[in-house]
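[1] got a sequence here, can you model it:
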Amino acid sequence: MKKIALALAAALAFGTAANAAPVKVGIAAEPYPPFASPDAAGNWTGWEVDIINAVCKAAEMECKITPVAWEGIIPSLTGGQIDAIMASMSITAEREKVIDFSDKYYNTPTVIVAAKGSGLKPTPESLKGKIIGVQVSTIHEAYVKAHFPESELKTYQTTDEGFQDLAAGRIDASQADSIAIDAFMATDAGKACCEVIGAVADDPAILGAGVGVGLRKGDTALKDKFNAAIKKIREDGTYDEITKKYFSSSIYGN
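    Predicted structure coming up:
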């Protein structure tokens, strides 16, 4: 009887684990290369996608990558449609009023790009009266509003749309994460039209303390799993191995 009871308990435990719902990891539905973008078959690829897969493997979690429109990604988390956000979302005090974050998993500078030979600098004085393009509902939108009040702000659904307008001469500058701008500058359009004019002045209150996994308030069990998994892939070399596929240097930050 004891053996039967143990076998039954093991079967029940296996059934529970097997039937556990996958963790829905939300990514922005808008392409953001080289972090996340769909290939010709519709499969999502990129540095952040690889990191999601590595973190979930390290945490022994079954995860389902779930694209969500950027503007609705936090409501989708708080409303239970997804369980976590891994979409290059910066850890900021404003967002922490609504959601929790894991430890950071990368941190890169914020820079501004403008037309070649413009003579512009990443300062309020130099960009006074100029049109600055940013992706809507991002730290870059908040930063331009706060630090470039005498510039004209133009928002886009994706960073690439802003870059296209910059290349076409419809705006004067674009602000974004340095990696996104590096990717644009590697294109023929970027090489032909533009140059990075420098990093913006630091503002941790707006720009945050790096990028982390967004989680529902109080979901400490899942937060602990993500933190342990991020630490594990950093220590065992997986993080660096993935990063080398996409970047020439570390993007973890200090």
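
[2] need the pLDDT of the residue nearest to residue 34 when sequence neighbours are not counted.
    Residue nearest to residue 34 in three dimensions, not counting chain neighbours: residue 246, with 4.9 Å by CB to CB, 6 or more residues apart in numbering. (Glycine included, C-beta is placed from N, CA and C.) As predicted, residue 246 sits at a pLDDT of 93.

[3] distance of residue 246 from residue 38?
    Residue 246 is 16 Å from residue 38, where distance means CB to CB, to the nearest Å.

[4] count of neighbours near the residue nearest to residue 34?
    Residue 246: 16 surrounding residues under other CB atoms under 10 Å.

[5] who touches it in this structure?
    Contacts for residue 246 (CB atoms under 8 Å, 6 or more residues apart in numbering) come out as 34, 46-47.

[6] ok, residue 117 - contacts?
    With contact taken as CB under 8 Å, 6+ apart, residue 117 is in contact with residue 195.

[7] likewise residue 253?
    Residues in contact with residue 253 (CB under 8 Å, 6+ apart) are 104, 106-108, 210.

[8] let me have those residues in JSON lines, extended by distance to residue 127.
    Listed next are the contacts of residue 253 as JSON lines, based on distance: CB to CB, whole Å:
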{"residue": "104", "distance to residue 127": "29"}
{"residue": "106", "distance to residue 127": "27"}
{"residue": "107", "distance to residue 127": "24"}
{"residue": "108", "distance to residue 127": "21"}
{"residue": "210", "distance to residue 127": "26"}
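
[9] JSON lines for those, including pLDDT, secondary structure and neighbour count?
    Output for the contacts of residue 253, formatted as JSON lines (pLDDT from 0 to 100; DSSP: H, G, I helix; E, B strand; the rest coil; neighbours: other CB atoms under 10 Å):
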{"residue": "104", "pLDDT": "97", "secondary structure": "strand", "neighbour count": "17"}
{"residue": "106", "pLDDT": "97", "secondary structure": "strand", "neighbour count": "21"}
{"residue": "107", "pLDDT": "95", "secondary structure": "coil", "neighbour count": "18"}
{"residue": "108", "pLDDT": "92", "secondary structure": "coil", "neighbour count": "19"}
{"residue": "210", "pLDDT": "94", "secondary structure": "coil", "neighbour count": "17"}
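
[10] just curious, which of those is nearest to residue 239?
    Closest to residue 239 out of those is residue 106 (9.2 Å), distances taken as CB to CB.

[11] isn't that closest one up against residue 254?
    No. Using CB atoms under 8 Å, residue 106 makes no contact with residue 254, being 11.6 Å away.

[12] mind listing what's buried along whatever helix or strand residue 27 lives in?
    Under the criterion DSSP states H and E, the helix or strand holding residue 27 is strand 23-28. Residues of strand 23-28 classed as buried by neighbour count (16 or more other CB atoms under 10 Å): 23-28.

[13] distance to residue 140 for those - can I get that in TSV?
    TSV is the format used below for the buried residues of strand 23-28 (distance: CB to CB, whole Å):
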residue	distance to residue 140
23	29
24	27
25	23
26	20
27	19
28	14
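
[14] just the closest of the residues you listed to residue 218, please.
    Closest approach between the buried residues of strand 23-28 and residue 218, by CB to CB: residue 23, at 16.1 Å.

[15] thought the closest one was touching residue 85?
    No. The criterion here is CB under 8 Å, and residue 23 misses it with residue 85 at 11.6 Å.

[16] picking up where we left off before, make CSV from the buried residues of strand 23-28 and add pLDDT to it.
    CSV is the format used below for the buried residues of strand 23-28 (pLDDT from 0 to 100):
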residue, pLDDT
23, 98
24, 98
25, 98
26, 98
27, 98
28, 97
